[in-house]
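Asker: Let me see the structure of the following:
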Amino acid sequence: MFNGNFFHGLGYLGEGFRLIRQPGLRLFVIIPLLINILLFAGMAYFLAMMFSSLVDMAMGWLPDWAWLQSLDWLFWLLYGAVILLMLAYGFVIVANLIGAPFYGYLAELTEKHLTGQEPSVDGGWAQIVRDIPRALWREVQKILYYLPRALGLFIIGLIPVVNLVAAVLWFIFNSWMMALQYVDYPADNNRVSFPELKRQLAQQRLSALGFGLPVALAAMVPLLNLFVVPAAVCGATAYWVRESRLPVKK
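Answerer: Numbering: from 1, shown residues only. Next comes the predicted model:
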């Protein structure tokens, strides 16, 4: 159940940040980055408006015991952590739904770079347009996998005291989803189905969580989260290439 190397997985995001600086990959980093800036600003504003109402509602459920009411700062902290985690992956879901065709092509160019091929962008825009239906369907599959599990964790997170466990579960779940989300791009390019990808990642679960952990953390940091998406695509492609035992350019 917990095979793989957690610490080995940790290094792939850093490699992704190095890869996005490669000349042949930069164009397909800049365009999604501009989309992410507008998207994150809108989502942050919306969740900020909801945050205070959510905490007030939860405090209203508590018995009128002085010692419980005095813990309102703790519930603010815990609900803040849950909302931050929701924003992190919620942002990733919407950003990837919009930018999926770009990220699929970025993963393809990255794989060519890592395997010693020339990452040519000739005909890239036409390929991006052709891949839109398939890329969107893959994103829909990931959303359908995510939503029922996220809903269950969200309900747990609304229960005072029990939300201590929910925050930890959210973090582990987000780390798994980040790995699943981004390794899906090179997997899709290699015609590996989404169910098969889940099976392969589960066989190396610790490596997958090691990759997803820093992505989940970076996704919660303002400004850094705007750059983490393309870096995670490149890092996930390196993960795919190496864990699939493909030849890698030194």
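Asker: C-alpha from now on. contacts and neighbour counts both.
Answerer: Noted.
Asker: can you tell me the helix or strand for Thr110?
Answerer: Assessed by DSSP states H and E, Thr110 sits inside helix 72-114.
Asker: Now do that helix, average pLDDT.
Answerer: Averaging pLDDT along helix 72-114 yields 74.
Asker: helices or strands up against whatever helix or strand comes next after that helix?
Answerer: Proceeding C-terminally, helix 72-114 gives way to helix 124-157 as the next helix or strand, assigned by DSSP H and E. With contacts defined as 3 or more CA pairs under 8 Å, 6 or more residues apart in numbering; DSSP states H and E, helix 124-157 has these neighbours: helix 72-114, helix 163-189.
Asker: Which secondary structure element is home to Arg21?
Answerer: Arg21 is part of no helix or strand, with elements assigned from DSSP H and E.
Asker: gap between Ala219 and Tyr182?
Answerer: Distance of Ala219 to Tyr182, given as CA to CA, to the nearest Å: 13 Å.
Asker: okay, these two: which has more neighbours?
Answerer: Comparing Ala219 with Tyr182 by other CA atoms under 10 Å, the one with more neighbours is Tyr182, at 29 against 24.
Asker: what residues are up against that one?
Answerer: 232-233, 236-237 (CA atoms under 8 Å, 6 or more residues apart in numbering).
Asker: Next one: it, what pLDDT does it get?
Answerer: Looking at Tyr182, its pLDDT stands at 94.
Asker: check contacts around His8.
Answerer: Here His8 is in contact with 207, 210 (criterion: CA under 8 Å, 6+ apart).
Asker: Gly99 against Pro32, yeah?
Answerer: Yes. Counting by CA atoms under 8 Å, Gly99 does reach Pro32; the two are 5.9 Å apart.
Asker: got the buried residues for stretch 187-199?
Answerer: Residues of stretch 187-199 classed as buried: 187-188, 194, 197 (neighbour count, 16 or more other CA atoms under 10 Å).
Asker: Please work out which residues outside it touch it.
Answerer: Here stretch 187-199 makes contact (CA under 8 Å, 6+ apart) with 104, 107-108, 138, 141, 180, 184, 240.
Asker: Give me the distance from that stretch to the chain's centre.
Answerer: Put simply, stretch 187-199 sits 17 Å off its chain's centre (CA atoms, centre = their mean, to the nearest Å).
Asker: need the helices and strands packed on helix 124-157 in TSV with distance to Asp131, can you?
Answerer: Listed next are the helices and strands packed on helix 124-157 as TSV, based on distance: least, CA to CA, whole Å:
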stretch	distance to Asp131
helix 72-114	6
helix 163-189	10
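Asker: Please name whichever of those helices is nearest to Gly16.
Answerer: Gly16 lies closest to helix 72-114 among those, at 9.4 Å (CA to CA).
Asker: For stretch 208-228, output the C-alpha coordinates as CSV.
Answerer: Coordinates of each C-alpha in stretch 208-228 appear next as CSV, following Å, rounded to 0.1, in the frame of the first residue of the first chain:
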residue,chain,number,x,y,z
ALA,A,208,3.6,10.1,-5.5
LEU,A,209,2.9,11.7,-2.1
GLY,A,210,6.5,12.9,-2.0
PHE,A,211,5.9,14.7,-5.3
GLY,A,212,2.5,16.0,-4.4
LEU,A,213,3.4,17.3,-0.9
PRO,A,214,5.6,20.3,-2.0
VAL,A,215,3.1,21.0,-4.8
ALA,A,216,0.3,21.2,-2.3
LEU,A,217,2.4,23.5,0.0
ALA,A,218,3.5,25.8,-2.9
ALA,A,219,-0.1,26.0,-4.1
MET,A,220,-1.1,27.7,-0.8
VAL,A,221,1.6,30.4,-1.0
PRO,A,222,0.4,33.6,-2.7
LEU,A,223,2.3,34.5,-5.9
LEU,A,224,4.3,31.3,-5.8
ASN,A,225,1.1,29.3,-6.6
LEU,A,226,0.9,31.2,-9.9
PHE,A,227,4.2,29.6,-11.0
VAL,A,228,3.7,26.2,-9.4
